[in-house]
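> below is the sequence, then the predicted model.
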Amino acid sequence: MKKLMVLLAALVFLAACGGGDSDLANPAFGDVTLTGDALAPFEDPTADTAIGQPAPSLSGVDHNGEGVAFTPGDNATLLIFLAHWCPHCQSELPVLSKWVEENPETLGIDMIAVATGTTNARPNFPPGPWIEREGWTQPVIMDDEQGTAGAQFGLTSYPFWVVVDSQGNVAARTAGEIPEDQIEDLLSAVADL
């Protein structure tokens, strides 16, 4: 009877912790804190109303449970919002990882991946190991189960790129895969590369 009670207590604990969707050492989701106004949903890249608007601040944890924060105005920053199951994200992340590795001089621009759109019903769950396998060495923030961070930045499709200048304003947003030779063009909105 005592063993049964211990087993039941363990099952209740696991259910309270997420029911096995991810282990404690590799959380699939994180609590996120956002400050500032939400950006308009990204719809028209030729008339993006978010350009020039203050970016919200974002803090949370990475896939190892360590704290990560984006504070607009600290430095020019690229935020890339990725879904572990998205075929375009699966193609883009290794390209961006390789570009970062081959262009270390451009790392005057901070880069943060935001794992969002996360679901245990899709491939590469939890997203942390997938991100590591693809060679991403920059910080990662795990979005919450509702995708709050993605929504606050105006995410409408994956991958979603948000470039913020050193004054904390949105300099560029785009969605979809970007060829390696065009990454520099996107980042040129905030730096001379």
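Yes, it's here.

> what about Arg173, which helix or strand?
Assessed by DSSP states H and E, Arg173 sits inside strand 170-175.

> per-residue confidence at the closest residue to Gly147 other than its chain neighbours?
Closest residue in space to Gly147, ignoring its immediate chain neighbours: Thr116 at 5.1 Å, by C-beta to C-beta, 6 or more residues apart in numbering. Where you see a C-beta, it was placed from the backbone N, CA and C, and this is true even at glycine. In this model, Thr116 is scored at 98, pLDDT.

> show the contacting residues for Thr116.
The contact partners of Thr116, taken as C-beta atoms under 8 Å, 6 or more residues apart in numbering, are 81-83, 143, 147, 149-150, 155.

> also Val170?
Per C-beta under 8 Å, 6+ apart, neighbours of Val170: 39, 48, 50-55, 162-164.

> quick check: of those, which lies closest to Ile109?
Ile109 has its nearest neighbour among those in Val163, at 8.2 Å by C-beta to C-beta.

> check which helix or strand that closest one maps to.
Using DSSP H and E, Val163 falls in strand 160-164.

> what angle do that strand and strand 170-175 make?
170 degrees (axes from the mean of the first three to the mean of the last three C-alpha atoms, to 10 degrees).

> begin at 855 from here
In the new numbering, first residue 855, that becomes strand 1014-1018.

> what is strand 1014-1018 packed up against?
strand 931-936, strand 1024-1029, helix 1034-1041 (3 or more C-beta pairs under 8 Å, 6 or more residues apart in numbering; DSSP states H and E).

> keeping just the C-alphas, turn it into PDB.
Only the C-alpha atoms of strand 1014-1018 are listed here, as PDB (Å, rounded to 0.1, in the frame of the first residue of the first chain):
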ATOM      1  CA  PHE A1014       9.600  35.300 -38.000                       C
ATOM      2  CA  TRP A1015      12.400  37.900 -37.900                       C
ATOM      3  CA  VAL A1016      12.400  41.100 -35.900                       C
ATOM      4  CA  VAL A1017      15.400  43.400 -36.000                       C
ATOM      5  CA  VAL A1018      15.500  46.100 -33.200                       C
END
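
> give me the contacts around that strand.
893, 896, 909, 924, 926, 930-935, 1004, 1007-1008, 1024-1029, 1032, 1040-1041, 1043-1044.

> number of nearby residues for the residue nearest to Ile963 when sequence neighbours are not counted?
Leaving out its chain neighbours, the residue that sits closest to Ile963 by C-beta to C-beta, 6+ apart is Ala930, at 4.7 Å. Per other C-beta atoms under 10 Å, the neighbour tally for Ala930 reads 20.

> hmm, Ala930 is touching Gly962, no?
Yes - here Ala930 reaches Gly962: they are 7.3 Å apart, a contact under C-beta atoms under 8 Å.

> need the residues touching each of those two.
Shared contacts of Ala930 and Gly962, defined by C-beta under 8 Å, 6+ apart, comprise Ala1045.
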